[in-house]
Structure formats: C-alpha cells, structure tokens
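Visitor: Predicted coordinates and the sequence they were generated for:
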Amino acid sequence: MQHTRVTILLRALMAVTVLAACHEAGNLSASAAAVEQVVPNKSWSPEAYRVEWDEAHTPTEVAARITVAVPVTVRNSGNRMWPASEVFVAYHWLRDGRLVVWDGERTPFPRDVRAGSRAALSVRVATPTEPGSYVLQLTLVHEHVTWFEHKGATMIIRPVVVRPPIQSGDCGISGPTSCTAAR
C-alpha cells in the first residue's frame, strides 16, 4: 500500500512538472496530453463496478471501540476482474443521518475476483467510539480511484446498536460475527 502511495505522489509531481513546462512554453494543448500520459486514468466503466452481496452477517449489536469480523460473500457481477491489490471491502458509519466514519478499514480479497465469480471473506470493522444507534454501510473501494457506490453499485446497509465499551474477556457482540481485537 505504501508503494502505491509513493508511486501516485511521484506521478502527480511529474504531472505538475510537465504541466508547468508546457504552460511556460505556451503550449496548453500539449500539457493536457502530457499529463494524461504521466497520470493515467485508472477508472473503469460503470459496468466494472457492479457487485452482488450474496451474504453479509452484520451484527445487530456490538460494543464500542472493538474490531469485529463480519463474514460476507461478494459476487463480481461486473465486466472486469477486480485485482486484490486495488479493490477492497470497506465501510462507512452513520449516526442520525450524519457521517461518523467515511474511510473505514480496508479488507483485502483473498485473491483477484474475476467477473462472474464470488469471494468469501471476513471484513474487519472497527466499531464507533461512542454508544448509540448507527447505520453500517459495507461497500467496495477501488483504492485511489473511486468508491463503488459512486459508480452505481449497491451497498449493504444495516442498523447496528453500539453499546458502551466492553470489559476484558467479553466481546459484547450479538449475531454471527466474531470479535477480533479490542482497540
């Protein structure tokens, strides 16, 4: 992941350098083409972002400040492979219609997911720090490109009650998920 960020930063720096040089030379039409070559558009067609959630065993109630494993089965109903190095399961938390966590932890797929195939995994979800009634949104992210829902994909949207933080030895979960670690 760190390597990817460095690569993106270097490409962006190169693009700015090329853009400045073209601008200085008075050739603005060349600058757009040059930037496109340096920073390629990694976005796919909207059809590539189609997903079906075959299973998602989200908890109905969890303790605050823990990380839980949520078992899901996802089907790539799009028209291109999702590379395990670029596409991840992630989540958002909302409370009272307001965003609490947008950029939830990433859980990698165990392998590349070809168009038409399925993948089962346990999604790591860090619970909110404050007790209350929340909405958990499970989604996919094409890292450094887009969230799948921005391309029309469906999400799993479930209400979850977050209880006060747990005492040691008690995961505080009801439902088919498991507690993986206290934070």
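Guide: Received it, and whenever you're ready, just let me know what you need. Residues are numbered from 1 along each chain as shown.
Visitor: Now for the residue lying closest to Met81 once chain neighbours are set aside, how many residues are close by?
Guide: Sequence neighbours aside, Arg114 is the residue nearest to Met81 in space, at 4.9 Å (criterion: Cβ to Cβ, 6 or more residues apart in numbering). (Glycine included, C-beta is placed from N, CA and C.) Counted with other Cβ atoms under 10 Å, residues neighbouring Arg114 total 12.
Visitor: Trp102 now?
Guide: For Trp102, the count of nearby residues is 12 (other Cβ under 10 Å).
Visitor: what do you get for Glu52?
Guide: 13.
Visitor: wait, isn't it in contact with Val72?
Guide: No. Using Cβ atoms under 8 Å, Glu52 is not in contact with Val72, being 11.2 Å away.
Visitor: So what pairs up with Phe88 in the strands?
Guide: Using DSSP bridges, the beta-bridge partners of Phe88 come out as Pro108, Val141.
Visitor: Contact partners for it?
Guide: Going by Cβ atoms under 8 Å, 6 or more residues apart in numbering, Phe88 touches Arg106, Thr107, Pro108, Phe109, Leu140, Val141, Glu143.
Visitor: Out of the residues you listed, which is nearest to His57?
Guide: Nearest to His57 out of the contacts of Phe88 is Thr107 (Cβ to Cβ; 14.1 Å).
Visitor: Just give the number of residues close to that closest one.
Guide: With other Cβ under 10 Å as criterion, Thr107 counts 19.
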